[in-house]
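Q: need the 3D shape of this:
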Amino acid sequence: MISREELISLYSTHYKEIFNYIYHLTGSHETAEDILQETFINIIEYSKKNIINHDTVKSLLYRTAHNLSINYLIKNEKTDSLDDDINYLPAASTVDDDLFAKEIHNEVSNALQQLDTLSRSIFIMKRDNNYTNEEIAKLLHISERTVRRKLQSTLSHILLHLKTKGYFEE
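A: As a prediction, this is how the structure comes out:
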């Protein structure tokens with residue numbers, strides 16, 4: 001079983017990024033806190049029966065958080081939920097620019113909400129946590145090729161969505 005000291009170290013090292021990951025999947029601060037707590041409880045339970053390898057513990061945390069988040073979304077029929085915070089939009093310098101940025105921000109969020117959970121997860125991990133494709137593949141137990149295809153598909157979807165809304169010319 002994982003010791004108290006190991007658990008505290010594990011929590012203090014990873015809680016913020018795991019929380020952010022859950023939050024971006026569920027779109028709810030309160031839900032993210034609950035799932036984060038449940039994630040660590042599951043890790044404790046898992047450690048009672050299995051030895052936790054320190055090299056793969058991060059992957060275990062992400063997989064547990066991912067599965068719990070998906071279960072929550074399915075249970076609550078919120079599979080299209082996503083945080084509206086799009087960090088990569090440039091800062092606006094005028095009121096018109098600010099309004100335009102907010103419009104694009106909303107449209108990008110709408111486009112992301114139309115995607116499957118795996119595509120959103122990969123996009124969030126790449127954008128918010130700056131993970132490499134290899135790291136994402138390892139954490140989600142999928143191939144790098146799948147990561148690349150999902151990212152390309154997501155970016156194409158966002159661009160097409162923005163084009164159909166008139167933000168870019170065909």
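
Q: in stretch 13-30, which residues are buried?
A: 14, 17-28 (16 or more other C-beta atoms under 10 Å). To be clear about C-beta, it is placed using only N, CA and C from the backbone, and glycine gets the same treatment.

Q: now for the residues you listed: which two are most distant?
A: The span of the buried residues of stretch 13-30, defined through C-beta to C-beta, is set by His14 and Gly27 at 20.9 Å.

Q: circling back to that earlier point, what's the closest of the buried residues of stretch 13-30 to Gly166?
A: Among those, Gly27 lies closest to Gly166 (C-beta to C-beta), at 26.4 Å.

Q: now the closest one: how far from Asp55?
A: Distance of Gly27 to Asp55, given as C-beta to C-beta, to the nearest Å: 32 Å.

Q: next SSE downstream of the longest helix anywhere in the chain?
A: Secondary structure of the chain per DSSP state H: the longest helix is helix 4-26. Downstream of helix 4-26, the first helix or strand assigned by DSSP states H and E is helix 29-49.

Q: tell me the average confidence for that following helix?
A: Average pLDDT, helix 29-49: 92.
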